[in-house]
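Novice: Got a sequence here, can you build the structure:
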Amino acid sequence: MKLGEVERLRGELAEFVADVFGSLPRRDQRRWGECYLRGLMLDGRRKSIQPMADRLPDGNMQALQQFVNQSPWDPLPVRRRIARRLSEVLTPEVWVIDDVSFPKCGTASAGVARQYCGALGKRANCQVAVSVHAATDTASCPLQWQLYLPREWTDEPDRCRRAGIPDSVGRQEKWRLALGLLDTLAEWELKAPVVVADAGYGTSTPFRLALEERELSYVLALTGKETAHPEDVEPHRPAYGGLGPPTLPRYRTPPQALSLHAVQTPLAHFTEVTWRQGSKGPMTSAFTVLSVRPAGKQSLAAAQQAGGGHYQWDGVLPARTVLVEWPVGQAAPTGYWISNLPATTPVEDLVRWAKMRWRIEHDYRELKHGLGLDHFEGRTWRGWHHHVTLVTAAQAFLTLRRLNPKAHTPA
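Specialist: So this is what the prediction gives:
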């Protein structure tokens, strides 16, 4: 946005800041929060603090640095207000869990390490965060974030202290971070409609169990290599001979990869589904729904590790719904998703939810290229979480304007 456009929005932006930054105790904090948001929305190649301060008429680099990097304001109440306000307006169809990476130089920024970087498509020096987004086909907004800490950090407490990482923050797998974000959103009295995520989460059995313990519906991507039994398979219980405990029932046939289940399904069972309009016309493919019993022994310990609850394997594995995509003209299926929704769920709904992850790519384009999500140059845990909260606030403000038919949204 041009400077004149941003200046014309100052009254509207001040009302928004007074609402979502109401938890900040001091007036000067709210003032610099509003200033930072204007800097993020203003045109400019870099959205780090110094160039933003230079572009703003009332920019003050030292004050903005202090507000973002040193000021002890809590970002969670700000995110809570944004999440509640956007959820009321969006009425999301899904919550999308995703990872986002930030290429970095050096070793001092909190959480930076050589790891897989989605932004570059390879292993590189970067930070990685886990996020939860509310999404529909027409709009979306981040609800929660947390920076991921690799083992290189958690094994070095002194390094963590230098980056301002709280002692209470330890190493957690990304799926555990995602569960923590979902639990926080539940504490904010927000309810996930359907949880959607890529195969990095879908292939984690403990993650799926934990979602079920929380009574959350999900549609999670798989790779097709996961194994399963047919739904109607009957386990065999060996005769009890009286010595030792009775033997639990076992399946007498080995499980098959989901890809084999799919290719054994008659083509007549695949239905053509259009899930949205793309830039080149309707997006259409062929899908079928299978009901299978995912293979793998799940013990009580595994269930407790996933987040509590009681799930003792007795040989009769619970049936789960698997959505399979096999585009016309392709030699094999190209997509798999697992869900705890019943197999009678309309295939059109399953497809729409499974495919709604595309909105998050739109989020990241706006957050990164338009609002400077990956332009933060600070090194501390506090500064990073302050910055992503402010970027989320800027995107929320623009999203609310786009959804308000009476508001004129600048280009």
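Novice: for the stretch 151-300 of the chain, what spans make up the helices?
Specialist: Secondary structure of the stretch 151-300 of the chain (DSSP state H, counting those that start in this stretch): helices located at 151-154, 157-162, 174-187, 199-202, 205-213, 258-263, 300-305.
Novice: is it possible to export these to JSON lines including mean pLDDT, mean neighbour count and distance to Gln144?
Specialist: C-betas here are computed from N, CA, C, even on glycine. As requested, the helices of the stretch 151-300 of the chain are exported to JSON lines (pLDDT from 0 to 100; neighbours: other Cβ atoms under 10 Å; distance: least, Cβ to Cβ, whole Å):
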{"stretch": "helix 151-154", "mean pLDDT": "93", "mean neighbour count": "15", "distance to Gln144": "21"}
{"stretch": "helix 157-162", "mean pLDDT": "94", "mean neighbour count": "13", "distance to Gln144": "22"}
{"stretch": "helix 174-187", "mean pLDDT": "97", "mean neighbour count": "19", "distance to Gln144": "4"}
{"stretch": "helix 199-202", "mean pLDDT": "95", "mean neighbour count": "21", "distance to Gln144": "15"}
{"stretch": "helix 205-213", "mean pLDDT": "94", "mean neighbour count": "21", "distance to Gln144": "16"}
{"stretch": "helix 258-263", "mean pLDDT": "96", "mean neighbour count": "18", "distance to Gln144": "31"}
{"stretch": "helix 300-305", "mean pLDDT": "43", "mean neighbour count": "14", "distance to Gln144": "23"}
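Novice: Figure out which of the ones you listed is closest to Ala286.
Specialist: Distances from Ala286 to each of the helices of the stretch 151-300 of the chain were compared using Cβ to Cβ; the shortest belongs to helix 258-263, at 11.3 Å.
Novice: Where does the most centrally placed residue in the chain sit: helix, strand or coil?
Specialist: Nearest to the centroid of the C-alpha atoms of the chain, with distances taken as Cα atoms, centre = their mean, sits Ile97, at 2.0 Å. Ile97 falls in the strand class when you classify it by DSSP: H, G, I helix; E, B strand; the rest coil.
Novice: Low-confidence ranges, the stretch 151-300 of the chain, go.
Specialist: Low-confidence segments of the stretch 151-300 of the chain, defined by pLDDT under 70: 240-249, 296-300.
Novice: can you do 80?
Specialist: Low-confidence segments of the stretch 151-300 of the chain, defined by pLDDT under 80, are located at 234-252, 296-300.
Novice: Tell me which of the helices of the stretch 151-300 of the chain lies nearest to Arg8.
Specialist: Evaluated over the helices of the stretch 151-300 of the chain, closeness to Arg8 peaks at helix 174-187, with 34.1 Å, by Cβ to Cβ.
Novice: helices and strands around that closest one, which ones?
Specialist: Secondary structure elements in contact with helix 174-187, counted by 3 or more Cβ pairs under 8 Å, 6 or more residues apart in numbering; DSSP states H and E, are strand 94-103, strand 122-135, strand 140-147, helix 199-202, helix 205-213.
Novice: Can you give the distance of it from its chain's centre?
Specialist: 10 Å (Cα atoms, centre = their mean, to the nearest Å).
Novice: which non-adjacent residue is nearest Tyr251?
Specialist: Once flanking residues are discounted, Tyr251 sits nearest to Pro235: 5.2 Å by Cβ to Cβ, 6 or more residues apart in numbering.
Novice: Surely that neighbour touches Ala295?
Specialist: No. The pair Pro235 / Ala295 is not scored as a contact, 11.9 Å apart, by Cβ atoms under 8 Å.
Novice: before we move on, the earlier item: can I get the helices of the stretch 151-300 of the chain in TSV with distance to Tyr116?
Specialist: What follows is the helices of the stretch 151-300 of the chain, written out as TSV (distance: least, Cβ to Cβ, whole Å):
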stretch	distance to Tyr116
helix 151-154	14
helix 157-162	21
helix 174-187	11
helix 199-202	10
helix 205-213	18
helix 258-263	24
helix 300-305	24
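Novice: Which of those helices sits closest to Pro25?
Specialist: Of all the helices of the stretch 151-300 of the chain, helix 174-187 comes closest under Cβ to Cβ, at 21.6 Å.
Novice: what about the helix or strand Leu76 falls within, distance to the chain center?
Specialist: Secondary-structure assignment from DSSP states H and E places Leu76 in helix 75-90. Helix 75-90 has its C-alpha centroid displaced from the chain centroid by 16 Å (Cα atoms, centre = their mean).
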